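Compute the structure for the input listed below.
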Amino acid sequence: MNFEVGTDIVSISRIFTITQKFGIKFLCKFLLPSEIMLAYKYADELFDMSDSKIPHRFKTDIPTHCLLDDIPLSFSTNNQSFYERFIITHLPMFFQDFVIEHYKFSTLAGFWAIKESCAKALGVGIGGNISFHDMCIFKDKWGSPHLALHESKIQKWNIHKISVSMSHDNDMALAICVIL
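As a prediction, this is how the structure comes out:
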């Protein structure tokens with residue numbers, strides 16, 4: 001793939017209003033469970049890394065909340081399935097007891113913008129060639145956002161590197177995605 005750039009800007013209040021109307025179902029349309037968890041205001045309290053109850057595999061194999069030293073380029077269907085089952089089983093409050101005030105909407109809007117900017121960099125938009133769930137946003141140990149694509153998409157476009165940047169101010173969130 002050549003050097004490609006995509007950008008997107010979205011209103012934070014737009015994401016809030018749609019979530020207010022449709023709840024967790026809307027968030028699940030464009031976010032993976034791990035991404036919803038990243039926007040949860042109290043996520044740090046849930047993941048004390050000294051807690052031995054969290055399986056070692058959960059800590060290292062899946063792009064997730066501020067746990068990774070290495071930045072993965074891709075994720076597999078098996079990785080995604082394991083992680084989704086873990087969250088649904090161990091953290092049901094994300095889905096059953098959804099409280100809109102417990103989420104950072106600047107982060108959610110930024111995640112929307114990251115995924116849209118990636119699709120634009122690929123030159124296809126969200127749809128038949130790539131879906132929202134073919135992309136996984138995660139944070140490194142410093143809290144910086146990163147993007148991994150499903151391994152089939154990495155192969156399809158022969159992608160070697162993905163870099164993203166996200167920012168928000170007032171009521172707008174902006175993201176830029178660079179693909180090589």
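
which parts of stretch 154-165 are buried?
154, 157, 159, 162, 164 (16 or more other Cβ atoms under 10 Å). All C-beta spots, glycine's among them, are computed from the backbone N, C-alpha and C.

Under the pLDDT cut-off, which ranges of the chain? List them.
43-70, 83, 87-88, 90-95 (pLDDT under 70).

The helix or strand harbouring residue 109 packs against which elements?
Residue 109 belongs to helix 105-122 when assigned by DSSP states H and E. Judged by 3 or more Cβ pairs under 8 Å, 6 or more residues apart in numbering; DSSP states H and E, the packing partners of helix 105-122 are strand 4-11, helix 12-22, helix 24-30, helix 33-38, strand 135-139, strand 145-150, strand 162-169, strand 172-179.

wait, what's in contact with the residue positioned nearest the centre of the chain?
Geometric centre of the chain, nearest residue: residue 137, 2.9 Å, by Cα atoms, centre = their mean. Residue 137 makes contact with 35, 38, 111, 114, 115, 145, 146, 147, 164, according to Cβ atoms under 8 Å, 6 or more residues apart in numbering.

re the thing from before, put together TSV for the helices and strands packed on helix 105-122, with distance to residue 86 on each row.
Formatted as TSV, those follow (distance: least, Cβ to Cβ, whole Å):
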stretch	distance to residue 86
strand 4-11	29
helix 12-22	23
helix 24-30	16
helix 33-38	9
strand 135-139	14
strand 145-150	17
strand 162-169	25
strand 172-179	27
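
Kindly compare burial across the ones you listed and name the winner.
Among the helices and strands packed on helix 105-122, strand 135-139 has the highest mean neighbour count (mean count of other Cβ atoms under 10 Å), at a mean of 24.

Could you check the angle that strand makes with strand 145-150?
150 degrees (axes from the mean of the first three to the mean of the last three Cα atoms, to 10 degrees).

now strand 135-139 against strand 162-169, angle please.
70 degrees.

Let me know the distance separating residue 140 from residue 79.
17 Å (Cβ to Cβ, to the nearest Å).

quick one, which of those two is more surrounded?
Between residue 140 and residue 79, counted using other Cβ atoms under 10 Å, the more crowded position is residue 79 (18 against 15).

That one sits in which helix or strand?
helix 77-90.

okay if I get the contacts of residue 137 as TSV plus distance to residue 75?
Formatted as TSV, these follow (distance: Cβ to Cβ, whole Å):
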residue	distance to residue 75
35	12
38	15
111	16
114	15
115	14
145	15
146	11
147	10
164	15
